[in-house]
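[1] Below are the sequence and a predicted model for it; my questions follow.
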Amino acid sequence: MPNVLPAPKEALARALAMMVAANGRIDVKELDVLDTLGAFGRVGVSRERFIDIACDCVAEVGAYLCDRSWLSVDHVRYLNTLLDAVTDTQDRLLLCRLAAAVITADGQVSQDERLVYDHALARWRIRQSDVSRAILADPVN
């Protein structure tokens, strides 16, 4: 698994793309939800560039998360690299808010999506109640 350091300007997009790629595919419903929330502009990339980044994430790790019910050490390292590149607390909360919308877009949360989302919350020390408040406070609902 490559040790990819995201370009600073794409750090938010790359972390969110990993949430989309967690279940090993890019679902149109997830992209539509992100469109509705204006997510691509909020993370600083076009929809097309976001899809390219998400495809990279699927190729690098997403398809392999489905193999087990826990994150391997290599996956944790990869995720931590993506997550640690996002240093601003408000950006982290925004990403968790957007990720919550992504993982529920198709009406069910897969084990892989839950693993990645929960890891992000734990890594960034963000509580689910913080995410709920961010969703309620988001002017784009």
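    Arrived safely.
[2] need the helices for the chain, in chain order.
    11-21, 28-36, 39-42, 47-57, 63-65, 73-84, 89-103, 111-124, 128-137 (DSSP state H).
[3] Just the mean pLDDT for the first one, thanks.
    The reference is to helix 11-21. Within the predicted structure, the mean pLDDT of helix 11-21 is 94.
[4] now that helix against helix 28-36, angle please.
    Between helix 11-21 and helix 28-36, the angle formed by their directions is 150 degrees, by axes from the mean of the first three to the mean of the last three CA atoms, to 10 degrees.
[5] what comes up buried for helix 11-21?
    11, 12, 13, 14, 15, 16, 17, 18, 19, 20, 21 (16 or more other CB atoms under 10 Å). (Glycine included, C-beta is placed from N, CA and C.)
[6] which strands and helices sit next to it?
    Packed against helix 11-21, as judged by 3 or more CB pairs under 8 Å, 6 or more residues apart in numbering; DSSP states H and E, are the following elements: helix 28-36, helix 39-42, helix 47-57, helix 73-84, helix 89-103, helix 111-124.
[7] So what touches that helix?
    Outside helix 11-21, the residues that touch it by CB atoms under 8 Å, 6 or more residues apart in numbering are 6, 26-27, 30-31, 34, 39-40, 42-45, 49-50, 53-58, 61-62, 79, 82-83, 85-86, 91, 94-95, 98-99, 102-103, 113, 116-117, 120.
[8] re earlier: quick one, which of the helices and strands packed on helix 11-21 gets closest to residue 131.
    helix 89-103 (4.8 Å; CB to CB).
[9] picking that back up, by mean pLDDT, show me the worst of the helices of the chain.
    When these are compared by mean pLDDT, helix 63-65 comes last with a mean of 67.
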